[in-house]
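# kindly generate the corresponding structure for this input.
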Amino acid sequence: EVQFVESGGGLVQAGGSLRLSCAASGFRFDDYAIGWFRQAPGKEREGVSVISHDGSTLYTNSVKGRFTISSDNAKNTFYLQMNSLKPDDTAVYYCAAQVPGFLLWEASRYDYWGQGTQVTVLS
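Below is the predicted model:
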């Protein structure tokens, strides 16, 4: 069974940093993409960043220069480093996997999802 478990969320002051982790188990694919999505109360889920198996990355405009997506294939874990956090970044953050992988924002194209981790940025 494929499972993704996010961790690392929490409460932080504006300007602070958090690193989200997404630990995958049972995930044995060579061609994939991992996406980080977020959903704020009353808003639609939006794509934040995507990384493909070859290391290519994609960022939504609002996080460029502040967030960095990365992977540790040996640990089957994916990360989202979030710096210079703003109150608008407050949301539940999800990681998801797409097989095979493309740099896409469409959530419907992702096959596996974690349960989410809450990020709250105080002003």
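
# centroid-nearest residue for the protein?
The centre of the chain sits closest to residue 36, judged by C-alpha atoms, centre = their mean, with a distance of 2.2 Å.

# wait, doesn't that residue sit right on residue 92?
No. The criterion here is C-beta atoms under 8 Å, and residue 36 misses it with residue 92 at 11.3 Å. The C-beta positions use only the backbone N, C-alpha and C, and glycine is treated the same way.

# not counting sequence-adjacent ones, nearest residue to the residue located most distally from the centre of the chain?
No residue in the chain sits farther from the centre than residue 123, which is 22.5 Å out by C-alpha atoms, centre = their mean. The shortest distance from residue 123 to any non-neighbouring residue, by C-beta to C-beta, 6 or more residues apart in numbering, is to residue 87 (4.7 Å).

# can you pull the pLDDT of the one you found?
For residue 87, the model assigns a pLDDT of 97.

# enumerate every residue touching it.
Residues in contact with residue 87 (C-beta atoms under 8 Å, 6 or more residues apart in numbering) are 14, 121-123.

# and with 6 Å instead?
Taking C-beta atoms under 6 Å, 6 or more residues apart in numbering, we find residue 87 in contact with 14, 121, 123.

# measure the last one to residue 86 for me?
Which is residue 123. Distance of residue 123 to residue 86, computed by C-beta to C-beta, to the nearest Å: 8 Å.

# touching both of those two, which residues are there?
residue 14.

# neighbours of the residue nearest to residue 18 when sequence neighbours are not counted, how many?
In this structure, residue 18 finds its nearest non-sequential neighbour in residue 82, 5.0 Å apart by C-beta to C-beta, 6+ apart. When neighbours are counted by other C-beta atoms under 10 Å, residue 82 registers 26.

# off-centre distance for stretch 31-49?
Distance of stretch 31-49 from its chain centroid, counting by C-alpha atoms, centre = their mean, to the nearest Å, is 7 Å.

# flag every buried residue along that stretch.
32-38, 47-49 (16 or more other C-beta atoms under 10 Å).

# hmm, who's touching that stretch?
Residues contacting stretch 31-49 (C-beta under 6 Å, 6+ apart): 50-53, 59-60, 63, 67, 69, 78, 80, 91-102, 105, 107.

# restricted to strands, list these.
Among the contacts of stretch 31-49, the residues falling in strands (DSSP state E) are 50-52, 59, 67, 69, 78, 80, 91-98.
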